[in-house]
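Peer 1: Turn this into a model:
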Amino acid sequence: MRVAQSESAPRGSVTTKQVADVTLPRSELDRIWSAVYLERLARTYWRFLTSVSLGLLRVLYSETSREVVLLARPFVLLRFHAPEYETGRDRGAVTWRIDRGLLVAPAGRGRGYLRISVERPPEPEWVEDEITGRVISEVANFYPTIAGWGWFARIGRHLYAVTQLRIHVIVTHAFLRSLARLDLAESRVGALAPKPSA
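Peer 2: Predicted structure coming up:
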């Protein structure tokens, strides 16, 4: 696990990144290296968020969005567009573009994203029993409401760093550590599941 990287832009956006290396049997990685398991990884993230918050945070699904709510609407903390998936031989990623929400400053609506990506090393000429994959969690170009704007921004950025950012880093760190169990939740949507043959 690597220490979180965080940076702030002059206009108020924040970017954070956390990286974890996971070593597992090659046969197990080969078994789960598919689009279906990428979607399951995405669902596992939301399940973990609900679990770690003791059910206070819930994720509402629709065809066009994912909403993180405090107990129920209208307390939508974060609203994301539907996930976008990228799959390749050695990399996969799921990206939720930020729409709006109580935690998003007006200047940040429709900007930024949350992305979870997985990488595996290129196939070597020789075969090992174990292989180390990498999981990266990144929030980019996020404009937190708590950071404020104008004259308050200097105080607000510090307030964000010691509250919301710290909680995000702790939760993401715990999520990445939990992946070692390979307990990936079934997708609620199944967008990447193979279609049954006619």
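Peer 1: And the contacts of the lengthiest helix in the chain?
Peer 2: Under DSSP state H, the helix in the chain containing the largest number of residues is helix 35-52. Under the criterion Cβ atoms under 8 Å, 6 or more residues apart in numbering, residues 57-59, 66, 68, 83, 85, 87, 92-94, 116, 118, 171, 174-175, 178-179, 183-194 lie in contact with helix 35-52. C-beta coordinates here come from the backbone N, C-alpha and C atoms, glycine included.
Peer 1: What is the neighbour count of residue 38?
Peer 2: Counted with other Cβ atoms under 10 Å, residues neighbouring residue 38 total 23.
Peer 1: Lowest-scoring secondary structure element of this structure by mean pLDDT?
Peer 2: One helix or strand of the chain scores below all others by mean pLDDT, DSSP states H and E: strand 5-8, with a mean of 58.
Peer 1: other SSEs contacting the following helix or strand past that one?
Peer 2: Downstream of strand 5-8, the next assigned helix or strand under DSSP states H and E is strand 14-25. With contacts taken as 3 or more Cβ pairs under 8 Å, 6 or more residues apart in numbering; DSSP states H and E, strand 14-25 sits against strand 5-8, strand 130-142, helix 164-178.
Peer 1: Report the rounded mean pLDDT for the last one.
Peer 2: Read that as helix 164-178. Mean pLDDT, computed over helix 164-178, is 89.
Peer 1: re the thing from before, what's the average pLDDT for the longest helix of the chain?
Peer 2: For helix 35-52, the mean pLDDT works out to 92.
Peer 1: So which of the helices and strands packed on strand 14-25 is nearest residue 28?
Peer 2: Of all the helices and strands packed on strand 14-25, strand 130-142 sits nearest to residue 28, with 9.0 Å by Cβ to Cβ.
Peer 1: List the buried residues in the closest one.
Peer 2: Neighbour-count burial for strand 130-142, counted by 16 or more other Cβ atoms under 10 Å, picks out 131, 133, 135-140, 142.
Peer 1: which regions of the chain lie under the pLDDT threshold?
Peer 2: Counting by pLDDT under 70, the chain shows low-confidence ranges at 1-11, 124-127, 190-198.
Peer 1: Put the buried members of the contacts of helix 35-52 into a PyMOL selection.
Peer 2: Buried residues within those, by 16+ other Cβ under 10 Å, are selected in PyMOL with:
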select buried, resi 57+58+59+66+68+83+92+93+94+116+118+171+175+178+179+184+187+192
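Peer 1: from the contacts of helix 35-52, which ones fall inside helices?
Peer 2: The members of those that map onto helices under DSSP H are 171, 174-175, 178.
Peer 1: Isn't residue 139 up against residue 171?
Peer 2: No. Contact between residue 139 and residue 171 fails when scored by Cβ atoms under 8 Å: they sit 11.5 Å apart.
Peer 1: rewinding a little: can you add distance to residue 31 and give the helices and strands packed on strand 14-25 back as CSV?
Peer 2: Below are the helices and strands packed on strand 14-25 laid out as CSV (distance: least, Cβ to Cβ, whole Å):
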stretch, distance to residue 31
strand 5-8, 31
strand 130-142, 12
helix 164-178, 19
